[in-house]
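Visitor: sequence and computational prediction follow.
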Amino acid sequence: MKLHEYQAKQVFADAGIPTPESQLASDVDGVLTAAEEIGYPVAVKAQVQVGGRGKAGGIELVENDEEAREAAESIIGMDLKGYHVDQVLVEEAVDFTDELYVGITMDRGEGKPVAMVSTKGGVNIEEVAEEDPEAIAREHIDPSFGMHPYQARKAVYDAGVDKAVARDVSSVLTTLYQLWDDRDGADAEINPLMVTSDDEVIAADAVMNIDEDALFRQPELAEMEAEAASGGDELEQKADEYDFDYVRLEGNTGIIGNGAGLVMTTLDLVDHYGGEPANFLDVGGGAKADRIANALDMVFSDDNVDSVVFNIFGGITRGDEVAKGINEALEQFDEIPKPVVVRLAGTNWEEGMEILNEDLVTVEQTLEDAVQRAVEYAEEGQA
Amino acid sequence: MKLHEYQAKQVFADAGIPTPESQLASDVDGVLTAAEEIGYPVAVKAQVQVGGRGKAGGIELVENDEEAREAAESIIGMDLKGYHVDQVLVEEAVDFTDELYVGITMDRGEGKPVAMVSTKGGVNIEEVAEEDPEAIAREHIDPSFGMHPYQARKAVYDAGVDKAVARDVSSVLTTLYQLWDDRDGADAEINPLMVTSDDEVIAADAVMNIDEDALFRQPELAEMEAEAASGGDELEQKADEYDFDYVRLEGNTGIIGNGAGLVMTTLDLVDHYGGEPANFLDVGGGAKADRIANALDMVFSDDNVDSVVFNIFGGITRGDEVAKGINEALEQFDEIPKPVVVRLAGTNWEEGMEILNEDLVTVEQTLEDAVQRAVEYAEEGQA
Amino acid sequence: MSVLVDDDTRVVVQGITGGEGKFHAEQMMEYGTNVVAGAVPGKGGQEAAGVPVYDTVHEAVEEEDADTSVIFVPPAFAGDAIFESLDSGLELAVAITEGIPTQDMARVNKRLTETDTRLIGPNCPGLITPGEAKLGILPGNIFSEGNVGLVSRSGTLTYQVVDNLTNRGLGQSTAIGIGGDPIIGTDFVDALELFEDDPETDAIVMCGEIGGEDEEEAAAFIDDYVDTPVAGFIAGRTAPPGKRMGHAGAIVSGSGTGTAESKISALNDAGVPVGDTPEEVADHIEEFLA
Amino acid sequence: MSVLVDDDTRVVVQGITGGEGKFHAEQMMEYGTNVVAGAVPGKGGQEAAGVPVYDTVHEAVEEEDADTSVIFVPPAFAGDAIFESLDSGLELAVAITEGIPTQDMARVNKRLTETDTRLIGPNCPGLITPGEAKLGILPGNIFSEGNVGLVSRSGTLTYQVVDNLTNRGLGQSTAIGIGGDPIIGTDFVDALELFEDDPETDAIVMCGEIGGEDEEEAAAFIDDYVDTPVAGFIAGRTAPPGKRMGHAGAIVSGSGTGTAESKISALNDAGVPVGDTPEEVADHIEEFLA
């Protein structure tokens, strides 16, 4: 779960990390008012959950009302890499001499957090990591102890941060780790952490991704999530409501299954047999009939979908419940909107086959056959 | 550093541990007002830093104004095991069915904290520990992880706490550990943790000792310390001001030295040669002349003292500074108030001997001789 | 023969009084697993699924000689339940729970370096030695006794592959679901090592998926230390970067690490054929054992 | 011969730019100790006491092959400085600082179980191998080369006892001040083990004091494993219960554990004579070596 820049900055500022003065605005007047209060020059920054906003025209530096109006008009309402811009952050423009990078993330290979510092901030840090890995100082943290102060200093000195600001950067890194730890962060980063000509440091951007599995104990962040999610894909929002693991893709074969690995495999097989998967949809373990019906509703709601493959290998999930759910979902239609191929295996698959209304669906015995049939239907549907 | 009961209860209550309603009072009217607001019966409890207040007459349960007045008159101003009672806590009397003990302390043998739970609360827990060690469930805590919730539960179940309150007691224990950890506790305990007839738990007493070496990062507790220290021994307060490690004893041979082990040894030798040590006073490492003079002032302020032995083995401490300090302190007197025996060894002892005004002190070359001479002087002084 | 679990294993079920815990405790016992106790705080003294329930795992170990725990505890409390199992002197703990916060697992991961207890999972279906015992939620009826070791990050994908194997008469020595989370106890390398050392395992199936670099590490380990033939499968070839594909650990990073291509090529380089379909995996195993 | 330190030891001084750090770095070098670097955050690139200063201990290890650290860092930061030394791959860290919060030391104590670095102290004068090297603040001139190993919880008491020994011509192999705090790195048992294994140590002085049960444990260890003759001294016979006698660790508990009587009788039971005065300790050593 990724916070918006303005939300992450609020969280960082509350913890004592210096951030530029800023205000959120959602229309031209708001931008002008904010700019006047803050004082020109200001940056007008699109609040959407994608990287590379600057290059995509989502960030403008403006010097006066006229420029601010132009920037506001062009950015608010724009489509930025598929995201609709509803809000912008109007922010004090910081005069900087250096741009640093500081970040905390979970190193899953090591199974422990890692703190990172680089003097090559202000650019895509993943590119830096690839092209010049030495430019990023890394310090692994023992999560039982937390980050020792010496570790923050070590990362900062190893990165070659100027001595004049080393202490302040260490302190920002320590706070960032504390935040990451307290708030169940997945990633927390500041890029760039600007250094001003009078040797102050200030967080000019702020990224905070939260572990979704930990939102239950982060009520404040869960509220922010609701806000952050708005403006995203409608189908993905619907999946959230239904509590499905769902990812929208660009093909036309809809896919429903149980268990992440099996659903991924079904997608892969669609591709393998020449089709294009429209989505990943995992109903999870032990799904009952109504959940199965909801899954079909989800996939039917995607206009790109021309056929659906339903692949269930029952462990906890029972074939009879699945069949019941499919029947329920399809019997409400006079005409089935998209052809549905069903493959049931595992727990109670025979009971399921008995229940399943074979007038409404196509049944296949194996995964391979089911996927091939769905790909054929999708090709027909498209034609 | 031990908090007063009322201070510890405040700290516990702020952390969410249930405590009885109470008010602090320092005179009879205060007690009566408090009792009326709380509602009879109430307990009137002397706020002094000693155990066994109840047996010593420092705690009275009262049912009405008359009894409250009597209790207030007898307790406020009383001398309780050497401590003057300035304040009492007037507290709601809790109707209990069981008395538990919960505590956290540092197990120095293991070098880690230990949580303790017993159903034999309400009595001296050290006696329980000796007579029936099985009655105290202990769970060692890994300080890098802190107390896992399962550990609190395990201690509570192992102690045989009634299931009806097990969850609440676990929760109190978890909070107590958190407090101990956050506030640099040395010991934190609740004895008794009362169980009421409707299965609620409430902390009827509260003990919180703070690690003095950590007070620098506990400003709120450091303030409480100032309050808590009042009413203690005047000389010990003076030692606090001078920043000496000082312990007052009951003999008449005053002792000043550098280094805890050497000063303890000097005390032991006074005893060994038939004298009685009046105090432990460690000037610490590297003491300069003024500090040495302050130490003499401390010991002279003790009316019990009949002679003083000054034993310095210089490492960081320099003999010449010590000699200078002794001269300074003694030259201001027309007559030296108590005979002073000086033994200097180690760093710059020869320079010290040259400086030392031997008209004012008796010089001995060895520890043993110096102590014996001081003991003789003390016997003469007493005679 | 088998690895990790057999009919002597003495199981305590943490969370046995919950719906899932009770159901699967019964299923395990029906399969023949020696479930000896349950552990649920506050429920000590009760009985569930026909076995005594204790307040703590420690008591279950003391009173019933439990040596293995299977954990069905909701995600908010599962980290603590794992710590309890690791601190109780068990040989093995199997955490089924999905959705444990990653930071909780990072702390568990630290404790794992300090204890001799092995952890399987979390977010896994458990493990099974066909004909002897199963720990977890795998549907016992699809498995058959044999000499194929199987290790997988995914539950239902495991069932699919096992079904393909069993249909051809290729039974399994032990099947281990190591779980789909980013931080897990037993990883591919650990499981491969167990199978390599097991005289009754003659071929190994390894089902990986996108995310992380465990499969790459496993490939390097196979290259260096594994003589038993291994066939692989990697799910998620069509997954877009930056999207979590169901499993918390199944995500190709924005910078392109954790892709299926990288894993497949690492495995191929280590001489491990990777099937394009589950059927192809069974083909490879059949060849190995022919 | 000696234990722990000799003239090959390569020392980094943490806190070398502070008053105490600089003074004692110089004193150590004057004694012949091979001080190769200092480590002070923010002072990297400077020089102090004639050696280069680095921002981190890690750099001092990389650049100057330091293998031992002596820590002169104020108590509020000393816990962190100890962690830094333990995590930098050193063989030995000696913490002189007094007044480190006990909870910081409990965390350090945990880390000590995870590292091969040995810690001496904190709240100790350090250690010395006469004629070779000293680490810490001990006054070098009172020591003399010889075959008596000395281990003590107290600084100036050590000097007193050493003075008594040296005056009689009884030199020391190594003298170790283990420190007066409740939680310390190297304890009596560790030091006794080192001396017992050192062929050049023919007698041992052990200076204990009230508080804790380390002396009792040492007595049991001597009884079981130490052949080298040991003479003891225990400070604090006249200390009242519940009062901290200068050292944070020197306290007889309210319940009466940690008394001098208990320690003396444990040592006596292990065959260790305990002197009533420092002179008597020297008497015992003289007898042992006669």
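Guide: Structure received.
Visitor: what about residue 10, how many residues nearby?
Guide: Just so you know, I chose chain A. The tally of other residues near A:Gln10 (other CB atoms under 10 Å in any protein chain shown) stands at 18. The way it works is simple: take the backbone N, C-alpha and C, and place the C-beta from them, glycine included.
Visitor: not quite, go with chain C.
Guide: C:Arg10 has 18 neighbours, counted by other CB under 10 Å.
Visitor: repeat that for A:Gly58.
Guide: Around A:Gly58 sit 22 other residues, with neighbours defined as other CB under 10 Å.
Visitor: show me what contacts it?
Guide: A:Lys45, A:Ala46, A:Val48, A:Ile75, A:Met78, A:Leu80, A:Val85 (CB atoms under 8 Å, 6 or more residues apart in numbering or on different chains).
Visitor: not counting residues beside it along the chain, what's closest to residue 216?
Guide: I went with chain A, as the question did not name one. Sequence neighbours aside, C:Ala76 is the residue nearest to A:Phe216 in space, at 5.9 Å (criterion: CB to CB, 6 or more residues apart in numbering or on different chains).
Visitor: to clarify, I was referring to chain C.
Guide: Nearest-residue entry for C:Glu216: C:Ala266, 4.4 Å, with adjacent residues in sequence omitted and distances by CB to CB, 6+ apart.
Visitor: any idea which element the one you found lies in?
Guide: Secondary-structure element containing C:Ala266, defined by DSSP states H and E: helix C:260-269.
Visitor: can you check A:Glu139 too?
Guide: A:Glu139 is located in strand A:136-140, with elements delineated by DSSP H and E.
Visitor: just checking, next helix/strand downstream of that strand?
Guide: Stepping forward along the backbone from strand A:136-140, the first helix or strand reached (DSSP H and E) is helix A:149-159.
Visitor: now that following helix, how far from the centre of its chain.
Guide: On the basis of CA atoms, centre = their mean, to the nearest Å, helix A:149-159 is displaced by 30 Å from the centre of the chain it belongs to.
Visitor: name the helices or strands packed onto the helix or strand just after that helix?
Guide: Proceeding N to C from helix A:149-159, the next assigned helix or strand is helix A:163-182, under DSSP H and E. Taking 3 or more CB pairs under 8 Å, 6 or more residues apart in numbering or on different chains; DSSP states H and E as contact, the helices and strands that helix A:163-182 lies on are helix A:5-14, strand A:96-107, strand A:112-118, helix A:149-159, strand A:185-196, strand A:201-203.
Visitor: out of these, nearest to D:Ile178?
Guide: helix A:149-159 (24.2 Å; CB to CB).
Visitor: A:His148 against D:Leu86, yeah?
Guide: No. A:His148 lies out of contact with D:Leu86 (CB atoms under 8 Å); the separation is 10.0 Å.
Visitor: look up the closest residue to the single nearest residue of the stretch 51-200 of chain C relative to chain B, ignoring the ones flanking it.
Guide: For the stretch 51-200 of chain C, the residue closest to chain B is C:Glu84, as judged by CB to the nearest CB, at 3.9 Å. Once its chain neighbours are removed from consideration, C:Glu84 has its nearest residue in B:Tyr150; the separation is 3.9 Å (CB to CB, 6+ apart).
Visitor: and for that neighbour, the neighbour number?
Guide: B:Tyr150 sits with 25 neighbouring residues when counted by other CB under 10 Å.
Visitor: list the contacts of it.
Guide: With contacts defined as CB under 8 Å, 6+ apart, the neighbours of B:Tyr150 are C:Pro41, C:Thr56, C:Val57, C:Asp80, C:Ala81, C:Phe83, C:Glu84, C:Asp87.
Visitor: as JSON lines, those with pLDDT and distance to D:Ala37 would be great.
Guide: Written out in JSON lines, the entries for the contacts of B:Tyr150 read as follows (pLDDT from 0 to 100; distance: CB to CB, whole Å):
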{"residue": "C:Pro41", "pLDDT": "96", "distance to D:Ala37": "53"}
{"residue": "C:Thr56", "pLDDT": "97", "distance to D:Ala37": "51"}
{"residue": "C:Val57", "pLDDT": "98", "distance to D:Ala37": "49"}
{"residue": "C:Asp80", "pLDDT": "98", "distance to D:Ala37": "45"}
{"residue": "C:Ala81", "pLDDT": "98", "distance to D:Ala37": "48"}
{"residue": "C:Phe83", "pLDDT": "98", "distance to D:Ala37": "41"}
{"residue": "C:Glu84", "pLDDT": "98", "distance to D:Ala37": "46"}
{"residue": "C:Asp87", "pLDDT": "96", "distance to D:Ala37": "41"}
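Visitor: ok, so of those, who is nearest A:Tyr157?
Guide: When those are compared for distance to A:Tyr157 (CB to CB), C:Phe83 wins out at 35.2 Å.
Visitor: how near is the closest one to C:Leu119?
Guide: Per CB to CB, to the nearest Å, C:Phe83 is found 10 Å from C:Leu119.
Visitor: equivalent analysis for A:Asp107, please.
Guide: When CB to CB is the yardstick, A:Asp107 and C:Leu119 sit 19 Å from each other.
Visitor: the more surrounded of those two?
Guide: Taking other CB under 10 Å, A:Asp107 and C:Leu119 do not tie; C:Leu119 has more neighbours (28 against 16).
Visitor: shouldn't that one be in contact with C:Ala95?
Guide: Yes. Distance between C:Leu119 and C:Ala95: 6.6 Å, which falls inside the contact criterion (CB under 8 Å).
Visitor: what is in contact with these two at once?
Guide: Contact criterion CB under 8 Å, 6+ apart; residues bridging C:Leu119 and C:Ala95 by contacting each: C:Ile82, C:Gly185.
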